[in-house]
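1. I need the structure of the sequence given here:
(2 chains)
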Number of protein chains: 2
Amino acid sequence: MGNVIYIVGIGPGEEQFFTGQAKKALESSDVIIGYTVYVDLVKPLFPNKEYRTTGMTKEIERCRLCFELAGNGKTVSLVCSGDAGVYGMASPMYELHPEFSEVDIEVIPGITAANSGAAMLGAPLNHDYCVISLSDLLTPWEMIEKRLKAAAIGDFAIAIYNPSSHKRADYLQKACDILLENGAGEDRACGFVENIGREGMKTTVCTLKELRTTPVNMFTTVFIGNSESFIQGEKLITKRGYSS
Amino acid sequence: MGNVIYIVGIGPGEEQFFTGQAKKALESSDVIIGYTVYVDLVKPLFPNKEYRTTGMTKEIERCRLCFELAGNGKTVSLVCSGDAGVYGMASPMYELHPEFSEVDIEVIPGITAANSGAAMLGAPLNHDYCVISLSDLLTPWEMIEKRLKAAAIGDFAIAIYNPSSHKRADYLQKACDILLENGAGEDRACGFVENIGREGMKTTVCTLKELRTTPVNMFTTVFIGNSESFIQGEKLITKRGYSS
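-> Now for the predicted structure:
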């Protein structure tokens, strides 16, 4: 074998969220590569593999390492949390691929936080929805603002990734303000999930007004309902269709 | 046990896309319920269960059957393709739940076609994205039009579900026209995947202009790139960030 790289989405964390396809790819690999946190989730399941880790921001370095090892005849898995194609490594791997055309790459899908978090919160998406990241490391804030505005005008249910970090403590508040300025009411049904699929998982439902002043951390996925969403007990529900 | 209903997303079809959690829920169930096509995917894996099927449009009937069986002490799985929370049964189940409050319900997430199809097509989402259904069975077409317009203005990558049916042969063409009228160019990089995770899986890349006149069937998921997406060989790639 060798000369194959699997870009593997493992879902939110716990083994129960791995697909059979992801397990098979990892099992068939000689080397498993990833950011330390994700590699630590995989190691106990496949203890007899060679593991290579790189830091969080060393992503292109990590991609090149995959291609080098695969070029030397190894079967390689590059591990991503959630889905490899949602703010993940599938894209930079394909961008580098022309330099290493002797290597095959295959993306193995996983459950992204929009969907795993939704399951825990009830049914907050369930109709047309958007996924928006508030991280401005690779995207200008003006673009994020434009997307939030469009999502509000289009009355989408919204899943927000990376709602906060040390440097961006007020980004979720700014995002809520953009939604409020573009048609979402203060009583819009919202919710958030902390530590999806890991120890300490917790769901909270609230209004958009309450969300605006709630401190959330980077391990949180935030859900904004559409205009017909509602809170029922501890669950956030978006209807499948519109009652016209 | 009994008095529990699992609403199980099984992913696009083949067993390899099931999560461990979905398999465990099905294994622990007395009765497995669903639309015929999905039940037929599950039956060979768990042959010794009681199966109940209902037709495609009998969804509320299907939900009530779940609650009745669970109320009689059975552990029940309601099977959905893809993710149970994306145009799925999670929402109607929660809407009916107050009538049957002695029953617990739990949503088991699965891989939705936006993500499984993306993996097969390369990395077409990979940044902020929208999921939009063109089915107007439960949603007025004016709302779908508004969402498509907002998605184009927000420069989202877009996954389109239910792009066509016998009655709606020209809906994808209409959708492409709305995108073209709202800022997407004729050369916008697009693609589509037929029969995701099933026999006959096929990916195609094309421009928005070409997509506009391509006949697609109901087993197709369509992807529209954002303004920085590009086609590389047979793959559709959306960059992780914006090169500013």
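
2. so the nearest residue to residue A:234 once chain neighbours are set aside bridges to which residues?
-> With Cβ to Cβ, 6 or more residues apart in numbering or on different chains as the criterion, residue A:234 has its nearest non-adjacent residue at 6.1 Å, and that residue is residue A:205. For the C-beta atoms, the positions are set from N, CA and C on the backbone; glycine is no exception. Under DSSP bridges, the beta-bridge partners of residue A:205 are residue A:191.

3. now do residue A:19
-> Beta-bridge partners of residue A:19, as defined by DSSP bridges: residue B:19.

4. for residue A:76, same thing?
-> Counting by DSSP bridges, residue A:76 is bridged to residue A:5, residue A:31.

5. now do the helices in chain A.
-> A:20-27, A:36-42, A:59-71, A:90-96, A:113-121, A:141-153, A:171-181, A:208-212 (DSSP state H).

6. which of these sits closest to residue A:3?
-> Of all those, helix A:59-71 sits nearest to residue A:3, with 5.6 Å by Cβ to Cβ.

7. could you list the residues in contact with the closest one?
-> A:2-5, A:30-31, A:33-35, A:52, A:54, A:76, A:78, A:89, A:92-93, A:96, A:99-100, A:102-103 (Cβ atoms under 8 Å, 6 or more residues apart in numbering or on different chains).

8. mind putting the helices of chain A into JSON lines with mean pLDDT and mean neighbour count?
-> Shown next, in JSON lines, are these (pLDDT from 0 to 100; neighbours: other Cβ atoms under 10 Å in any protein chain shown):
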{"stretch": "helix A:20-27", "mean pLDDT": "98", "mean neighbour count": "19"}
{"stretch": "helix A:36-42", "mean pLDDT": "90", "mean neighbour count": "16"}
{"stretch": "helix A:59-71", "mean pLDDT": "94", "mean neighbour count": "18"}
{"stretch": "helix A:90-96", "mean pLDDT": "96", "mean neighbour count": "23"}
{"stretch": "helix A:113-121", "mean pLDDT": "98", "mean neighbour count": "29"}
{"stretch": "helix A:141-153", "mean pLDDT": "97", "mean neighbour count": "21"}
{"stretch": "helix A:171-181", "mean pLDDT": "97", "mean neighbour count": "19"}
{"stretch": "helix A:208-212", "mean pLDDT": "98", "mean neighbour count": "18"}
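
9. can I get these in CSV with distance to residue B:196?
-> Formatted as CSV, those follow (distance: least, Cβ to Cβ, whole Å):
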stretch, distance to residue B:196
helix A:20-27, 13
helix A:36-42, 25
helix A:59-71, 25
helix A:90-96, 16
helix A:113-121, 15
helix A:141-153, 26
helix A:171-181, 32
helix A:208-212, 34
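
10. quick revisit: looking at the residue nearest to residue A:234 now. What's its pLDDT?
-> Residue A:205 carries a pLDDT score of 98 in this model.

11. my guess is it contacts residue A:124. True?
-> No: the criterion here is Cβ atoms under 8 Å, and residue A:205 misses it with residue A:124 at 9.1 Å.

12. any shared contact partners between the two?
-> By Cβ under 8 Å, 6+ apart, the residues touching both residue A:205 and residue A:124 are A:191, A:236.

13. between these two, which has more neighbouring residues?
-> residue A:124 (37 against 23; other Cβ atoms under 10 Å in any protein chain shown).

14. from residue A:196, how far off is that one?
-> Residue A:124 sits 13 Å away from residue A:196, going by Cβ to Cβ, to the nearest Å.

15. what of residue A:178?
-> According to Cβ to Cβ, residue A:178 stands 24 Å off from residue A:196.

16. burial of the nearest residue to residue A:21 once chain neighbours are set aside, as a residue count?
-> In this structure, residue A:21 finds its nearest non-sequential neighbour in residue B:16, 4.0 Å apart by Cβ to Cβ, 6+ apart. As a burial measure, residue B:16 scores 16 neighbours (other Cβ under 10 Å).

17. for residue A:177, give me its contacts.
-> residue A:212.

18. next one: residue A:226
-> Contacts of residue A:226 (Cβ under 8 Å, 6+ apart): A:127, A:128, A:155, A:156, A:157, A:238.

19. name the nearest of the residues you listed relative to chain B.
-> The nearest member of the contacts of residue A:226 to chain B, counting by Cβ to the nearest Cβ, is residue A:128 at 4.8 Å.

20. pLDDT at that closest one, what is it?
-> So residue A:128 comes in at 98 (pLDDT).

21. and residue A:109, how many residues sit next to it?
-> Applying other Cβ under 10 Å, we find 33 other residues in the vicinity of residue A:109.
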